[in-house]
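Enquirer: predicted model and sequence below, questions to follow.
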Amino acid sequence: MRMLKTILKSYIYANQLTWKFCKKQLIILVVIKLLLATLPVSLIWCTERLINNVNNFINDRGHISGVLFYFVLEVLITLLTFFLQKVSLIVEQKMIDIFKLDFKKILFRKQRVLPFEMFEDHDFQNNLNRINSNDIKIIKMTTSGIDFSSNFISLIGILFYLITISWWFGPLLLVGMIPLIIVQFKFGRKKYELFKFLTPFGRKEHYIEELLKNPKSLHEVRLNLIEDYIIKKWVGSYQTSALKNLKILISQSKWLMITQMIQMIVYMVSGLFAIILIVRGVVLVGSFVAILQSIQKIQGILNTLTNSLSEIYESSFLINDLKSFLNLKEININSRKKIENVINLEVSGLTFKYPNSKQYALKDININIPQGKKIAIVGVNGSGKTTLLKCLTGLYLTDNFIKVNDIDIKELDLESYHKCIAVLSQDFNKYEFSAKENIGLGRIDKMNNYNLIKEAAIRTSIHSYIIGLPQQYKSSLGRLFEEGNELSGGQWQKIALSRSLFRDGDILFLDEPTASLDPNSELQLIESLFNNSRDTQSIVYITHRLAATKFADEIIVLKEGEVIEKGNHEELIQLEGEYFTLYEHQKQWYSDTSKGEVQLT
Ligand SMILES: Nc1ncnc2c1ncn2[C@@H]1O[C@H](COP(=O)(O)OP(=O)(O)OP(=O)(O)O)[C@@H](O)[C@H]1O
């Protein structure tokens, strides 16, 4: 009973969604399917009349016009069935197209208001993947429901027809239906459970396929001769999925064979019963043919009917997935305070732990960033630098630790905050678009201002490269599409940095902005970055290259999530602590390797 209630609830929910997106198509489809539902019984009735009229005509008891009338009627009903079936297919496709589009829009809209850290959760990713790849199943719930109703009407019509001949047909055929319904329900649930179990396998296979076909990952795979090893991983995952799918198919087929046999027995018993009726003279030969035709038709309808039921049942679990996704807690946008610019960013006592992690990634961090302050963050791998940047930029939302213009970041309208800042992350995007777009995407409203774009490109010294390209700023970057120009790692980084400079935020957050640059380019760039930035523009940058920290007003040294040293370059050198040690190591390295080409001191 509870199961039926759940299915019904999900079914209603799916229908509400379909109704919301494609009312007109839904109405047309229902009308067509209702018409189609009446046709099978009309056809059987027509056949019966046709045969009886032929019989009468042969025995000189009737006129040829009766035969012709029912013959033409039968042809017309067959044609109408064919026509309506084709129209319903077109309407259904149109409905699916509209549904998929509007459904995706809802998903995208919801994704936009979910906290960033949620996207790092694998359960969330599995759920999102299931919903995204099965949107069609949700609309199919509606169409399966219509098919179910249409088939049900046909079934009732034919059953009624048979019962008018003899009521024995009723219970006989009903008994034949029950095993089929049970089997289809059982496998509806099993199929969903398997699908849920296999979602991570599918994601893994997709990831491995990307590794093996994307030139960016393939080059390492090739050079390390690990293609076979990776293919083996794909094969392992694929075989597990295929085997599980096959197992369920075999088991379902076995049970369906049993139900088929039961139906055959019902068919034989009904046939024998019809023979008894004709021998006893209860029915004419036309009715005898119609009875056999009806029983066959009922079995066909039963298969589609139970299939629709099983599909609805299977998809009802997806509706639960969808509901739990749509109910996820959103970042509250409405009651948030908007800002026009960032005057001050203050971090006091910031402590942060990743969900599912036992250790704190950040502990008691205190930083003040007023307008125009330049801060460098240094520290060994895993010390918490990127996590800190993600907290400062509002990707991870924390309570009462971070204030922008004296407003807690959780109360802030994040879009207005993001408009005021520019961020270059460690894993910046390489847009396979034109050079102009690659930089212009930093500030979409100024995308067509070539002068500003050029200015940003000049600051990172990528301008000279771009004007050497066949179509200059209109040239496509990357080689994924036709006529693209592949860039070196450092050139891509300069493009990404130009994008951040073009954005011209009140605070520039840069996570290792020069990691791919040669030491000379790096120093030139850092120098230009500081010398040419607005007086009011603050810069927070993470770096492993201590040559770049000397320009900072304040250097923050992180270790295991804690600030262990703070001060400008001279102060930290005098302190002779962690910064001093790191600096001395790097100094030695540069003077040993480049013979003083790049001077740290
Ligand atoms: N999404 C995440 N989920 C759980 N733990 C994470 C996540 N991202 C980072 N961590 C952990 O948080 C700690 C700090 O990582 P973070 O990336 O901030 O270090 P980092 O100083 O930027 O390192 P690097 O110099 O290597 O870039 C590490 O122990 C890391 O394992």
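Expert: Cool, got the structure. Residues are numbered from 1 along each chain as shown.
Enquirer: for the stretch 1-150 of the chain, which spans come out with low pLDDT?
Expert: Along the stretch 1-150 of the chain, the model assigns pLDDT under 70 to residues 1-2.
Enquirer: sorry, wrong one. I was asking about the chain.
Expert: Residues of the chain that meet the cut-off, pLDDT under 70, sit at 1-2, 333-335, 589-601.
Enquirer: and it, which residues reach the ligand?
Expert: 120, 354, 357, 361, 379, 381-387 (CB under 6 Å from any ligand atom). The C-beta positions use only the backbone N, C-alpha and C, and glycine is treated the same way.
Enquirer: filter these down to just the buried residues.
Expert: Buried subset of those (neighbour count, 16 or more other CB atoms under 10 Å): 361, 379, 383-387.
Enquirer: in CSV: those residues, plus secondary structure.
Expert: Compiled in CSV, these are given as follows (DSSP: H, G, I helix; E, B strand; the rest coil):
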residue, secondary structure
Ala361, strand
Gly379, strand
Ser383, coil
Gly384, coil
Lys385, helix
Thr386, helix
Thr387, helix
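Enquirer: which pair in those spans the largest distance?
Expert: Ala361 and Gly379 (12.0 Å; CB to CB).
Enquirer: ok, back up a step: now the residues of the chain next to the ligand in TSV, with distance to Val54?
Expert: Putting the residues of the chain next to the ligand into TSV (distance: CB to CB, whole Å) gives the following:
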residue	distance to Val54
Glu120	74
Tyr354	81
Ser357	82
Ala361	86
Gly379	95
Asn381	90
Gly382	88
Ser383	93
Gly384	90
Lys385	90
Thr386	85
Thr387	85
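Enquirer: show me the two of those residues that sit farthest apart.
Expert: Glu120 and Gly379 (21.5 Å).
Enquirer: element containing the residue most central in space within the chain, please.
Expert: Nearest to the mean C-alpha position of the chain, counting by CA atoms, centre = their mean, stands Asn132 at 4.0 Å. Secondary structure from DSSP states H and E places Asn132 in helix 122-133.
Enquirer: residues contacting the residue in the stretch 1-150 of the chain that the ligand sits nearest to?
Expert: Closest contact between the stretch 1-150 of the chain and the ligand, by CB to the nearest ligand atom, is at Glu120 (4.5 Å). Glu120 sits next to Tyr354 when contact means CB atoms under 8 Å, 6 or more residues apart in numbering.
Enquirer: again, only using 6 Å
Expert: For Glu120, the contact set (CB atoms under 6 Å, 6 or more residues apart in numbering) is empty.
Enquirer: one step back: and which of the buried ones among the residues of the chain next to the ligand is nearest Asp97?
Expert: Distance to Asp97, by CB to CB, is smallest for Thr386 among these, at 41.6 Å.
Enquirer: residue contacts, the closest one?
Expert: Asp511.
Enquirer: ok, now Ser150?
Expert: By CB under 6 Å, 6+ apart, the neighbours of Ser150 are 33, 36-37.
Enquirer: so which of these sit within helices?
Expert: Those of these mapping onto helices are 33, 36-37, per DSSP state H.
Enquirer: now do the SS call for the closest residue to Asn368 other than its chain neighbours.
Expert: Leaving aside its sequence neighbours, Asn368 sits nearest to Glu346 (CB to CB, 6 or more residues apart in numbering; 5.3 Å). With three-state DSSP as the basis, Glu346 sits in strand.
Enquirer: list the beta-bridge partners for Glu346.
Expert: Asn368, Lys403 (DSSP bridges).
Enquirer: how far away is it from Leu395?
Expert: 18 Å (CB to CB, to the nearest Å).
Enquirer: tell me if I'm right that Ser310 and Lys186 touch.
Expert: No - with contact defined as CB atoms under 6 Å, Ser310 does not reach Lys186; the gap is 8.8 Å.
Enquirer: CA atoms only for stretch 496-507, dumped as CSV, please.
Expert: What follows is stretch 496-507, C-alpha atoms only, in CSV (Å, rounded to 0.1, in the frame of the first residue of the first chain):
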residue,chain,number,x,y,z
ALA,A,496,44.1,33.8,-17.8
LEU,A,497,45.9,36.5,-15.8
SER,A,498,44.9,39.1,-18.5
ARG,A,499,41.3,38.0,-17.9
SER,A,500,41.7,38.7,-14.2
LEU,A,501,43.4,42.1,-14.9
PHE,A,502,40.7,43.0,-17.4
ARG,A,503,38.1,42.3,-14.7
ASP,A,504,39.8,45.0,-12.7
GLY,A,505,38.3,44.0,-9.3
ASP,A,506,38.7,45.9,-6.1
ILE,A,507,40.6,42.9,-4.8
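Enquirer: mind starting the numbering at 25 from now?
Expert: OK, 25 is where the count begins now, so the last one is stretch 520-531.
Enquirer: for it, buried residues please.
Expert: Those would be 520-531, for stretch 520-531 by 16+ other CB under 10 Å.
Enquirer: of all those residues, which comes closest to the ligand?
Expert: For the buried residues of stretch 520-531, the nearest to the ligand is Ala520 (16.2 Å; CB to the nearest ligand atom).
Enquirer: tell me which element that closest one falls in.
Expert: helix 513-527.
Enquirer: helices and strands around that helix, which ones?
Expert: strand 445-448, helix 459-464, helix 474-483 (3 or more CB pairs under 6 Å, 6 or more residues apart in numbering; DSSP states H and E).
Enquirer: residues in contact with Ile302?
Expert: Phe312 are the contacts of Ile302 under CB under 6 Å, 6+ apart.
Enquirer: doesn't it fall inside a helix?
Expert: Yes - per three-state DSSP, Ile302 lies within a helix segment.
Enquirer: need the distance between the two termini of stretch 401-417.
Expert: End-to-end span of stretch 401-417 (CA to CA, to the nearest Å): 15 Å.
Enquirer: neighbours of Lys347, how many?
Expert: For Lys347, the neighbour count with other CB atoms under 10 Å is 12.
Enquirer: separation between it and Phe209?
Expert: For Lys347, the distance to Phe209 - CB to CB - is 21 Å.
Enquirer: repeat that for Asn83.
Expert: With CB to CB as the criterion, Asn83 and Phe209 are 50 Å apart.
Enquirer: looking at those two, which one has more neighbours?
Expert: Set Asn83 next to Phe209 and count neighbours by other CB under 10 Å: Phe209 wins out with 17 against 8.
Enquirer: report the contact partners of the more buried one.
Expert: Counting by CB under 6 Å, 6+ apart, Phe209 has contacts Tyr337.
Enquirer: what's the angle from the host helix or strand of it to helix 146-157?
Expert: Secondary structure from DSSP H and E places Phe209 in helix 193-237. Using axes from the mean of the first three to the mean of the last three CA atoms, to 10 degrees, one finds that helix 193-237 and helix 146-157 are set 120 degrees apart in direction.
Enquirer: and helix 193-237, how far out from the chain middle?
Expert: 21 Å (CA atoms, centre = their mean, to the nearest Å).
Enquirer: after that helix, which helix or strand is next?
Expert: helix 239-247.
Enquirer: run the angle between that following helix and helix 193-237 for me.
Expert: 70 degrees.
Enquirer: which residues touch helix 239-247?
Expert: Contacts for helix 239-247 (CB under 6 Å, 6+ apart): 235, 251.
Enquirer: residues of that helix that come out buried?
Expert: Val245.
Enquirer: please apply the same query to stretch 145-158.
Expert: Going by neighbour count (16+ other CB under 10 Å), the buried part of stretch 145-158 is 148, 150-155, 158.
Enquirer: do the same with stretch 247-264
Expert: 254, 258, 261.
Enquirer: what's the neighbour count on the nearest residue to Leu541 once chain neighbours are set aside?
Expert: Among residues not flanking Leu541 along the chain, Gly514 sits closest, at 4.9 Å (CB to CB, 6+ apart). Counted with other CB under 10 Å, residues neighbouring Gly514 total 16.
Enquirer: ok, Gly514 touching Pro537?
Expert: No - at 11.3 Å, Gly514 and Pro537 do not qualify as touching, with contact defined as CB under 6 Å.
Enquirer: that's all I had, so thanks and see you.
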